[in-house]
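Trainee: Quick one: sequence and predicted model below, then my questions.
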Amino acid sequence: MTSAWDYAAAAWGRPGVEAACLDLQAAHGQCVALLLWRLWAASEGRDVASSTLESAIRLARNWDVRVLTPLRAARDAVRDPVAGINQATRENLRRQLLGTELEAERALLAALDNLTPAKQGDPAVSNARQHLVALTALWGTSQPIGSLNALLDALQGRPGGSGDST
C-alpha cells in the first residue's frame, strides 16, 4: 500500500506523465493532484463514494484557488526579467517558489489521502478512464478526453498519446 503522494511522485517520473499533467492543468484548468489522487484510489481498490468525491473536489478547489494558483502565478511572474533585479536572484526565488508549490501539492494529496476510505476490494485500474472523465466533469471545466487518454497512456507506458479532443 502506498500513499497518494508516493503514487503521484512515482507517476510524475514516468515518461510523458509530466507533459500530460501540465497540459491538463494549463490548457484545461484541471487539478493534477486531484486527478492523480483519483487514480491512486482506484489503483488501491478504494471505492470513493460520491459524497467523498464531492468533499475531495471542494477541498481541492479551495486549496487550488487560495494556495496553488497564487504560488504558480508568483513562480511564473519571476520567470521574466525585471529591471534592476538580478537574474540569479530571480532564478533562486523561482526555485524556492517551485519547492513551496510542490509542498502545497503534497499537503493537498495528504488531505485527500485522509478523506479516502480504506481498501475495500481489488484495484479497479480498468475503470481509470471512467473515473477521470467523471472527475473532470465534476470539476466543471472542459472534458479533455484526449489529454486524459495521453495521461493514461503515459502511466501505462504506451508511447505517444491520444492527442487532445474536448
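Mentor: Everything's here; your move.
Trainee: residue boundaries of the helices in this protein?
Mentor: Secondary structure of the chain, counting by DSSP state H: helices at 4-12, 17-28, 32-43, 50-63, 69-77, 87-115, 128-139, 145-155.
Trainee: Which of those comes out lowest on mean pLDDT?
Mentor: The stretch with the lowest mean pLDDT among the helices of the chain is helix 128-139, at a mean of 86.
Trainee: what's it packed up against?
Mentor: Based on contacts counted as 3 or more C-beta pairs under 8 Å, 6 or more residues apart in numbering; DSSP states H and E, the elements that helix 128-139 packs against are helix 32-43, helix 50-63, helix 145-155. Every residue, glycine included, has its C-beta placed from N, CA and C.
Trainee: angle of the shortest one against helix 4-12?
Mentor: Helix 145-155 and helix 4-12 are oriented at 90 degrees to each other (axes from the mean of the first three to the mean of the last three C-alpha atoms, to 10 degrees).
Trainee: Just want the most central residue of the chain.
Mentor: Nearest residue to the geometric centre of the chain (C-alpha atoms, centre = their mean): residue 32, 1.5 Å.
Trainee: Please list all residues in contact with the nearest residue to that residue once chain neighbours are set aside.
Mentor: Spatial nearest neighbour of residue 32, excluding adjacent residues (C-beta to C-beta, 6 or more residues apart in numbering): residue 21 at 4.5 Å. For residue 21, the contact set (C-beta atoms under 8 Å, 6 or more residues apart in numbering) comprises 12, 32, 35, 36, 151.
Trainee: before we move on, back to that, okay, the helices of the chain, which one's buried deepest?
Mentor: With neighbours taken as mean count of other C-beta atoms under 10 Å, those reach their highest mean count in helix 32-43, at a mean of 23.
Trainee: what comes into contact with it?
Mentor: In this structure, residues lying in contact with helix 32-43 by C-beta under 8 Å, 6+ apart are 2, 4, 7-8, 11, 21-22, 24-25, 48, 53, 56-57, 60, 68, 105, 108-109, 112-113, 116, 123-125, 127-128, 131-132, 135-136, 139, 151, 155.
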